[in-house]
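Undergrad: Have a look; sequence and predicted model below, questions after that.
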Amino acid sequence: MTEGFGRVNSFVLLRDGAILADMYRIRNLTLSAFVLLGACAPLSIYYKEGADVAQSEINLTRCQVSALKEVPRDIRTRYIPARYAPYTHCNAAGYCTTRYTMISPPRTETYDASAKLRDKVVGQCMAMAGYRPVSLPACDAETTRKTALTATKTLPPLTPKSCAIRLKSGNWQIVTP
């Protein structure tokens, strides 16, 4: 697809590897941003006051398995065509030509058409077990500093000021000031 510099379909320009270095730099910045944003993202869980965290995870797994049996996967594939952008080049004599450069190549994506319905069935199953979905904001730095960091074992009563701390282990701690 890259027959040479300035040709149709040449969407990668080589300039002593600078483009490649820029691509790696952008990728690394993007990955860093996702890691940092993940730490600030709210904690979304199914909540039932006084419930054991391990038991709530068992209940969630049972509901997910049950929902998968009731609403099986429906994997579909969609085709996304290539995108082209026109650009016009004029020479010194005033003669202009318009060419098209590929912005993104054609691709296929697969997705599960039943995912939303299955998530709804999981939510209904958890509601029947007495849980409700809640989203807790990340605790601020001061609250995190003042708190002894241990994973939550039993879901505490929540207040409007409740927040969550994500631990390095992947677990979390709910703080209710």
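TA: Now that the structure is in, tell me what you want to look at.

Undergrad: Do I have it right that residue 131 meets residue 53?
TA: No. Residue 131 is not in contact with residue 53 according to CB atoms under 8 Å; the separation is 11.8 Å. (C-beta placed from N, C-alpha, C; glycine too.)

Undergrad: So which of those two has more stuff around it?
TA: Taking neighbours as other CB atoms under 10 Å, residue 131 and residue 53 compare with residue 131 leading, 20 against 16.

Undergrad: Tell me how far the residue nearest to that one when sequence neighbours are not counted lies from residue 162.
TA: The spatially closest residue to residue 131, leaving aside those adjacent along the chain, is residue 46, at 3.9 Å (CB to CB, 6 or more residues apart in numbering). Look at residue 46 and residue 162: by CB to CB, to the nearest Å, they are 15 Å apart.

Undergrad: The two - which one has more neighbours?
TA: Using other CB under 10 Å as the criterion, residue 46 and residue 162 rank with residue 46 on top: 22 against 18.

Undergrad: My reading is that that one lies in a strand. Confirm?
TA: Yes. Under the criterion used here (DSSP: H, G, I helix; E, B strand; the rest coil), residue 46 sits inside a strand.

Undergrad: give the contact list for it.
TA: Contacts of residue 46 were listed using CB atoms under 8 Å, 6 or more residues apart in numbering, and they are 56, 59-60, 126, 131-134.

Undergrad: Please repeat the previous calculation with a cut-off of 10 Å.
TA: 56-57, 59-60, 63, 122-123, 125-127, 129-134, 155 (CB atoms under 10 Å, 6 or more residues apart in numbering).

Undergrad: do the same with residue 104
TA: 11, 80-85.

Undergrad: just to revisit the earlier point, look at the residue nearest to residue 131 and report its pLDDT.
TA: On the pLDDT scale, residue 46 is placed at 95.

Undergrad: Roughly how far does it sit from residue 170?
TA: 17 Å.

Undergrad: and if you look at residue 51?
TA: 20 Å.

Undergrad: Of the two, which one has the most company?
TA: More neighbours surround residue 51 than the other of residue 51 and residue 170, with 16 against 7 (other CB under 10 Å).

Undergrad: Quick check: closest non-adjacent residue to the more buried one.
TA: residue 155 (4.9 Å).

Undergrad: Same question for residue 171.
TA: Leaving aside its chain neighbours, residue 171 sits nearest to residue 151 (3.8 Å; criterion: CB to CB, 6+ apart).

Undergrad: what's the answer for residue 67, then?
TA: That would be residue 121: by CB to CB, 6+ apart, it lies 4.0 Å from residue 67.
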